[in-house]
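Enquirer: below is the structure, and that's it, no one-letter string:
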């Protein structure tokens, strides 16, 4: 019995091309306000540098520098500065979510951001789709203690829940030796395994973001 011919899969990324402009925002959830040196900021900048090789322009936003009020609404009123940060997040094709590790968990700043992103479950775009559809998220995690896989699982579930698409192998992490005080920012160079991970994550994020530009999620 003759097998039916297989139709070729279209190369969506090639059809869109590197010329398609993409943007990223790296959200650093360090506990340290500017201008303090931050391992989270360093990893965020390294991921953005790798994204730039794929035609993605980006910026870092240090969440702790903004007043992010507790709550699960897009605007909590008063001195809440989340609305301005939210606009920058919504404008970006790619979210790079970076957090330090404290007591084996993501930072309290990261948790506050996730809680505010929860409001997107009730928001839609002009076509009635969730606001974060067609957008991609990757994670960066640093710390001198264990917890990276646990934190990545929390971040990816939360970000996917509000509408982000998660690329393959898109977590980049570094954990220093247990019971020591060396931070990621203290290293003389990027460790080989971290470099490989951020190269893969950035490449897959750009690939997926361009594919979603070509073939958007349908209206429900």
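Expert: All right, it came through fine. Just so you know, these numbers come straight off a predicted model, no measurement behind them.

Enquirer: would you list the phi and psi of residue 27?
Expert: Taking degrees, to the nearest 10, you get phi -100, psi 110 for the backbone angles of residue 27.

Enquirer: quick one: stretch 188-206 to chain centroid distance?
Expert: The chain centroid and the centroid of stretch 188-206 are separated by 14 Å, computed with CA atoms, centre = their mean, to the nearest Å.

Enquirer: ugh, wrong one, stretch 180-195
Expert: Relative to the mean C-alpha coordinate of its chain, stretch 180-195 is positioned 20 Å out (CA atoms, centre = their mean).

Enquirer: and for stretch 136-148?
Expert: Here stretch 136-148 is found 11 Å from its chain centre; the criterion is CA atoms, centre = their mean.

Enquirer: helix, strand or coil: sort out residue 172 for me.
Expert: strand (DSSP: H, G, I helix; E, B strand; the rest coil).

Enquirer: wait, it touches residue 199, no?
Expert: No: contact between residue 172 and residue 199 fails when scored by CB atoms under 8 Å: they sit 9.2 Å apart. Where C-beta positions appear, they are placed from N, C-alpha and C, glycine not excepted.

Enquirer: which parts of the chain are helices?
Expert: Using DSSP state H, the helices assigned to the chain run over residues 12-16, 39-52, 82-91, 108-117, 148-161, 192-214.

Enquirer: just put the ones you listed in JSON lines and tack on distance to residue 176.
Expert: As requested, those are exported to JSON lines (distance: least, CB to CB, whole Å):
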{"stretch": "helix 12-16", "distance to residue 176": "36"}
{"stretch": "helix 39-52", "distance to residue 176": "10"}
{"stretch": "helix 82-91", "distance to residue 176": "29"}
{"stretch": "helix 108-117", "distance to residue 176": "19"}
{"stretch": "helix 148-161", "distance to residue 176": "11"}
{"stretch": "helix 192-214", "distance to residue 176": "12"}
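
Enquirer: residue 66: which of those is closest?
Expert: helix 82-91 (5.3 Å; CB to CB).

Enquirer: other SSEs contacting that closest one?
Expert: Where contact means 3 or more CB pairs under 8 Å, 6 or more residues apart in numbering; DSSP states H and E, helix 82-91 is packed against strand 22-28, strand 56-62, helix 108-117.
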